[in-house]
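In: Prediction below, plus the sequence it came from.
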Amino acid sequence: MSSLSRELVFLILQFLDEEKFKETVHKLEQESGFFFNMKHFEDQVQAGEWDEVERYLCGFTKVEDNRYSMKIFFEIRKQKYLEALDRQDRAKAVEILVKDLKVFSSFNEELFKEITQLLTLDNFRQNEQLSKYGDTKSARNIMLIELKKLIEANPLFRDKLAFPVFKSSRLRTLINQSLNWQHQLCKNPRPNPDIKTLFTDHSCNPTANGSRPPPTNNPLVGPIPKAGAFPPIGAHGPFQPVVSPSPSAIAGWMSNNNPSLPHPAVAAAPPSLVQQSSAAAFLKHPRTPTGVTGMDYQSADSEHLMKRIRAGQSDEVSFSGVMHSGAYSQDDIPKSIVRTLTQGSNVMSMDFHPQHQTVLLVGTNVGDISLWEVALRERLVHKPFKVWDIQAASMPLQSALLNDAAISVNRCVWGPDGLMLGVAFSKHIVQIYTYNPTGELRQLLEIDAHVGGVNDIAFAHPNKQLCIVTCGDDKMIKVWDAVAGRRLHIFEGHEAPVYSVCPHYKENIQFIFSTAIDGKIKAWLYDCLGSRVDYDAPGLWCTMMAYSADGTRLFSCGTSKEGESHLVEWNESEGAIKRTYSGFRKRSFGVVQFDTTRNRFLAAGDEFQIKFWDMDSTAMLTAIDADGDLPASPRLRFNKEGSLLAVTVKDNGIKILANNDGLRLIRMLEGRAMDKNRGPSEPINSKPLIVNALGPVANVSPAVASTLERPNIMPPAVSISSLSPAENSRLVDVKPRNSDDVDKIKCWKIPDIADPSLIKPLRLPDSGTAAKVVKLMYTNNGLTLLALTSNAVHKLWKWQRSERNPSGKATACIMPQLWQPPSGTHMTNDINEKKPPEESAACIALSKNDSYVMSASGGKVSLFNMMTFKVMTTFMPPPPAATFLAFHPQDNNIVAIGMEDSTIQIYNVRVVEVKTILKGHQTQITGLAFSQTLNVLVSSGADAQLCLWSIDGWEKKKTRFIQAPVGRQSPLTGETKVQFHNDQTHLLVTHESQIGMYDSKLECLRSWYPKEALAAPISSAIYSCDGLLVYVAFRDGAVGVFDADSLRLRCRIAPSAYIPSSILSQVYPLVIAAHPSEPNQVALGMTDGSVHMVEPSDVELKWGGTPSQDNGPLPSNSSNPSLSGQASEHPSR
C-alpha cells in the first residue's frame, strides 16, 4: 500500500472515531495493521475478553512470528487458564490447555508439564511460583504491565504504537477544500450553493436567465470563501468551510471572555489552564488524578487552529508533496558525542543560553558555576562560591556557613533574554549575575532568600516586570524584583519543603506551579489569595514540572521514595493526567531528571541511560548510553533548538551530544575560530576569509555579521535555522560524522615533533632566582599556573583578559604575568634548618575553589591564602616532614599527609587534630590519590609499593609492589606516583622505569617501559583533563603523548621543539601539569627553574594519531602481548 493510501486509512480512523463508530474503528485498526490501539487492548484485557484480545492481536502478529509474540500469546493464554482453574471450571481449563497452550510444548516441554500438573491441585496457589497470585483483577493488571513491555519491545509493533499527528476533522477539511475548489470552477457559481451529494462533482445550475451573477454580489469571488458558503450536509453534521475571519472578527474573539472556548489562542502559550474571564475557574476545582485518560485520535486540536486564525491564515492549502509539517525522525534526537568537558566537581545543574546555542551554564556540588563554549571546548568563566557581603548576611546563614562551609548549587538558570542568570544554593541564598556577550559575568544581586536550602529558581514576567521566583526548605515560594532585589510576593501553604517552581502565563494571566516533597502540586496567582489547586503528583515525592517549548503542553517527572519514577503529561483544564510514559526501571537510583525539546521529544536520565519519548506516544522511543560513564540518573539539558544535549557523566564531567544540525553548528563555529586564529595580523574591521565563502555579509544575520568582523572567539548567537542561505547550503551537504571522525580529521601525521614551528611553545616569564621546579599545577579554573621551586618559593602566573583572550584562561598564544601582591611578599614555605630545602621532598595541594593552597618543603605544612599570599596557619612541624598532600574529596578540612617516616596521617585542619595514622609502607610516601567512587585512598611510596585504604574505617584492604621490567633489578625502589582517572576506578602509576594502568583491585591491566626513541627514565606523568591521553616527561627532555586506554604512543615531542638549542642537553622537565579544561595543553617544570607551556599548532588541534606506514612503526609496547591489537580489543571503561 502506498504511503498516501496508508495516510488515508488514518484519516478514516480519525473520522470513524469522531463519529463514534467505535467497533468499526478497532476492526479497521486490526485489518489494516497500521495502528495498535494500546488503550483498546488494555480495556479488553482488563475485561477478560480473551477472544477479542487474540483476534485484535492477530492483525499485527502471530504466535510464531518471534519470541516477543510467542511470550505475549503465552501470557494471555496462561492467564485465561489460571482464571478457569480459579473458577473451578476444570473442563474449560482442560480445553484451554489442549487447544491454546499445547502449541508451546514444543518450545518448552518442562513448562507445559508444570502447567498441566496445576490441574491436580485443589488450589493452583499451592504451586510455589503462583503462591502470590492475587485476585483476578490484580493478576490481569500485573500481566498487562508485562504485555505492554513485550509489545513495546516487539519490532513488529514498531511505528504502530503512536497515532500520527494531524489536526482534528482532517477528512472533513479536505472534502470541504475540494468543494470550495469545485465551486470556484463552476461556470455559474451561486451565492448560496446547494450541495446534496458527494458522489458526483459539484456544479451550480445556471440562473433562470442563464447569466452569471454580477461579481460584486458573489460571496465566493477569490480564493477564500466566506463563512456559511455551504449548508449542513448529511446526518452527522456540517462540513463547515475553513475560512479566514476578518480583522474585526479576530479582534472580537480576542476580547471575548467566553469560558466555553476550550483553547484560547496565545502565541507560545499553553492550552487554557486559566481563562481571562475567570482566572480562578480552573483553579477552583482541585482534582486528584485517578489515572490515564483514553487515547484520542488527536481530537480537539483547536490550539493549532486558533493560532492559524490569529495569524490570518486559511486552511485552504495547495500541496507540493505529501510531507507533513509535523514529520520527524529519530535522527532529530541528539545522539552523537561531539564534546567531553571536564568540570572538576560533580555537576548539579545545567542550562543552555537562550540565544547562544553552544554556551552552557553549569553549577556544581561545591558551589561554583562555569560557562562553557562547548563548540570550542572552552571554559569562558569559572566562579567559585563565596558570599559577596558576609556582613549583610542573616545570622542563620552565617551560622550555617560557620557550622559547615560546604555548599552546593541546587539550580542555575538563564534569564529569558540571556542577559542575566540566577543561581540557587543549598544554603539560604541566591545570586544573580549580569552577562554580556564577551563572556563576562558581573555581580548584580545576592538575596538571602530562604531559611535552609533554596531548592529552585526561575525567571518570570508578571505585569511586564522581570522577576525571580524561588522556593526552599522553609516551605515557601517567594517572588523578587530581578533588578532591585525587593521581595514582591510570598506564598505559603505547602506543608513540606518546596522542591520546584514552574512559572507560566496565558493571555494576561500569570501563575506559578509549585511542587513539594510530600508530592503536593499547587498553583498560585500573583496575589494574596493563596493556592488555587491542590493536586497529588505521581510518586508523592520529588517532582519537576516543565512546559513544551511552545508552552502548549505541561509535563512532570518525579520519583517516589521507593525509587519509582513517573513521567506524565497533564490535562491542565481538568487537573488530571492525560498520559503516562512507560520505560522506567522499577527502582530508579536517585531522582530522575528530565527535559523537553522541539515540541516533540521528552528525555530522562534513568538506569545509566538517556531515554527518549515522542510526546504523543507513551512507549519509549529509544535509549542510549552515550558510550558509557553515565551515572545511574544522569542530569541532562537540551539547548533551545534541540540540536545539542548536555548530559552529566561519572567523572565530574559533561558529554555534549548532537544531532545533524548540532554537528553542523559546532563545525561551523569551530571553523570560524580556526580561521580567525590562522589569519595574519589584520585591521580590526577587516573581514575573515570565511565571509567570502558564505557570500555577502548582507545575507548573514546582524549578530553573525558583527561576530565575523571582530577577532573574538566568543561565538555568535547563531542557530542552524538562522544561517544565511549561502552558509546553510554550504553546511547541509556535509556528511554527518560521529565525534571520532571529527577528531580524526585534525591529527598529527608524524610520530615525532622536533621543529618548534609544529607546535606552540611558550616559556613563561620569570625574573626570580633560578631553582628547580619540583611541583607544578594549574588552578581548577584554568586561569593561572602555580609552581613550587626547590628553594621553597611559590610562583604564580596569570593570564589577563583581552580581545585575543576574553576568557583570561591559560594559553600558549599569550604571555602571562608573573603575579605577586603589592606588598611584594612571596609565598615561601617553612624550611627545616637541619636539612636544606633542595634535599627535602616538596609537596603541594590546592583547594577545590582555588582559594587556598597547602604546601610543604621539608618544614612545617603551610596554608596560604591565594589572593594575598599570606600564611593562614602552619602545622605538622618535622620530624617527620610531610612528603605528599591530598585533600579529602568530600571535606576540604580533612587532608591526607604522607610522611617521610612512611606513615600517612589523616589530619583535620579545622580542629587541628590527627584523626588517625596509617602504616603500611617501608619508606617515605611519594603519592596519594582519593577515589570518591570507590571510597578509597591509594598510596604509593619510594619502596615502589601501592596500598589501598578504605576511607570509611581507614583499614588497609590490599598492597601490591609494582613489577620490575625485564633486565632491571627487583625489587624496585624510587619515587612512585599515583593518579586516578576521571572514571575514579582506573589508576595511573608512574615510576622512572614504567607507567602502568591498574584497576580498582590494584591489578595491573597494562604497562609501558621506556625504549627506543623514548628510552630515558621517566620523570613525571599525568592524565589529560578529559582522561583520553597520558602525558609522560622524560629525563632527556622529551615528552610522550599516549592513548590512555591502550598506552600506545600517539606522538613524541622532542626537546628541540621547545627547549632553546643553547641549553638543550642540560635541562629536562621534572614535573608535568595538564590544563583542567584544555586536554591538549600541558606545562612543564624544568630543572633550570623555567616553566614551558606546550600546545598543538593552530593548524592541528590535537596531539598525535595513527601515523602512516611511511613513518615506520610507533615506538610503543605493552606488558601484555594481547594488548598490541586494535583498540577494540582493549577493556572498555
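Out: Yep, it's here. Numbers count the residues shown, from 1 in each chain.
In: Lys775 contacts Ala845, doesn't it?
Out: No. Using CB atoms under 8 Å, Lys775 makes no contact with Ala845, being 9.6 Å away. Bear in mind the C-beta positions are built from the backbone N, C-alpha and C, glycine included.
In: shared neighbours of these two, anything?
Out: Ser855 (CB atoms under 8 Å, 6 or more residues apart in numbering).
In: Trp954 is in what secondary structure piece?
Out: Under the criterion of DSSP states H and E, Trp954 resides outside all helices and strands.
In: distance of it from Glu7?
Out: 69 Å (CB to CB, to the nearest Å).
In: what's the pLDDT at the nearest residue to Thr874 once chain neighbours are set aside?
Out: Of all residues not flanking Thr874 in the chain, Lys860 sits nearest, at 4.1 Å (CB to CB, 6 or more residues apart in numbering). Looking at Lys860, its pLDDT is 94.
In: From Lys835, how far off is Lys860?
Out: Per CB to CB, Lys860 is found 13 Å from Lys835.
In: Among these two, which residue is more densely surrounded?
Out: Higher neighbour count among Lys860 and Lys835: Lys860, with 20 against 15, using other CB atoms under 10 Å.
In: Next, give phi and psi for the more buried one.
Out: phi -70, psi 160 (degrees, to the nearest 10).
In: Could I get the contacting residues of the residue nearest to Thr874?
Out: Lys860 sits next to Asp830, Thr874, Phe875, Met876, Pro877, Pro878 when contact means CB under 8 Å, 6+ apart.
In: Let me have the residues you listed in JSON lines, extended by pLDDT and neighbour count.
Out: Formatted as JSON lines, the contacts of Lys860 follow (pLDDT from 0 to 100; neighbours: other CB atoms under 10 Å):
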{"residue": "Asp830", "pLDDT": "92", "neighbour count": "20"}
{"residue": "Thr874", "pLDDT": "92", "neighbour count": "14"}
{"residue": "Phe875", "pLDDT": "92", "neighbour count": "17"}
{"residue": "Met876", "pLDDT": "91", "neighbour count": "20"}
{"residue": "Pro877", "pLDDT": "91", "neighbour count": "12"}
{"residue": "Pro878", "pLDDT": "90", "neighbour count": "20"}
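In: What about these, which are in strands?
Out: Thr874, Phe875 (DSSP state E).
In: can I get the contacts of Lys860 in JSON lines with distance to Glu803?
Out: As requested, the contacts of Lys860 are exported to JSON lines (distance: CB to CB, whole Å):
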{"residue": "Asp830", "distance to Glu803": "43"}
{"residue": "Thr874", "distance to Glu803": "43"}
{"residue": "Phe875", "distance to Glu803": "45"}
{"residue": "Met876", "distance to Glu803": "46"}
{"residue": "Pro877", "distance to Glu803": "49"}
{"residue": "Pro878", "distance to Glu803": "49"}
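In: Can you verify Pro354 is assigned to a helix?
Out: No. Per DSSP: H, G, I helix; E, B strand; the rest coil, Pro354 lies outside any helix segment and is coil.
In: Hmm, Pro416 and it touching each other?
Out: Yes. Using CB under 8 Å, Pro354 is in contact with Pro416, at 6.6 Å.
In: Neighbour count for those two, which is higher?
Out: The neighbour count for Pro354 versus Pro416, taken as other CB under 10 Å, is higher for Pro354 (16 against 12).
In: any idea how far Met854 is from the more buried one?
Out: In this view, Pro354 and Met854 are 41 Å apart by CB to CB.
In: Same question for Ile96.
Out: Distance of Ile96 to Met854, computed by CB to CB: 76 Å.
In: How about Leu150?
Out: Distance, Leu150 to Met854, using CB to CB: 58 Å.
In: More neighbours: the two, which one.
Out: Applying other CB under 10 Å to Leu150 and Met854 shows that Met854 carries more neighbours, namely 25 against 19.
In: just to confirm, which helix or strand has the more buried one in it?
Out: strand 852-856.
In: next one: phi and psi at Phe1034?
Out: Phi and psi for Phe1034, reported as degrees, to the nearest 10, are phi -120, psi 160.
In: Surely Leu1005 touches Asp999?
Out: Yes. Assessed by CB under 8 Å, Leu1005 is found in contact with Asp999 at 5.8 Å.
In: Which one's more surrounded, these two?
Out: Shown here are Leu1005 and Asp999; by other CB under 10 Å, Leu1005 has more neighbours (18 against 12).
In: Surely the more buried one forms part of a helix?
Out: No. Checked against three-state DSSP, Leu1005 lies outside a helix; its state is strand.
In: Setting aside sequence neighbours, what's the nearest residue to it?
Out: Sequence neighbours aside, Met997 is the residue nearest to Leu1005 in space, at 4.7 Å (criterion: CB to CB, 6+ apart).
In: Can you read off the backbone torsions of that neighbour?
Out: phi -110, psi 120.
In: From the contact counts, what lies against the helix or strand harbouring Tyr535?
Out: Secondary-structure element containing Tyr535, defined by DSSP H and E: strand 533-536. Counting contacts by 3 or more CB pairs under 8 Å, 6 or more residues apart in numbering; DSSP states H and E, strand 533-536 is packed against strand 520-525.
In: I'd like to know how far Cys58 sits from Pro191.
Out: With distances taken as CB to CB, Cys58 is found 54 Å from Pro191.
In: hmm, back to that, my guess is the residue nearest to Leu1005 contacts Leu988. True?
Out: Yes. With contact defined as CB under 8 Å, Met997 counts as touching Leu988 (6.5 Å).
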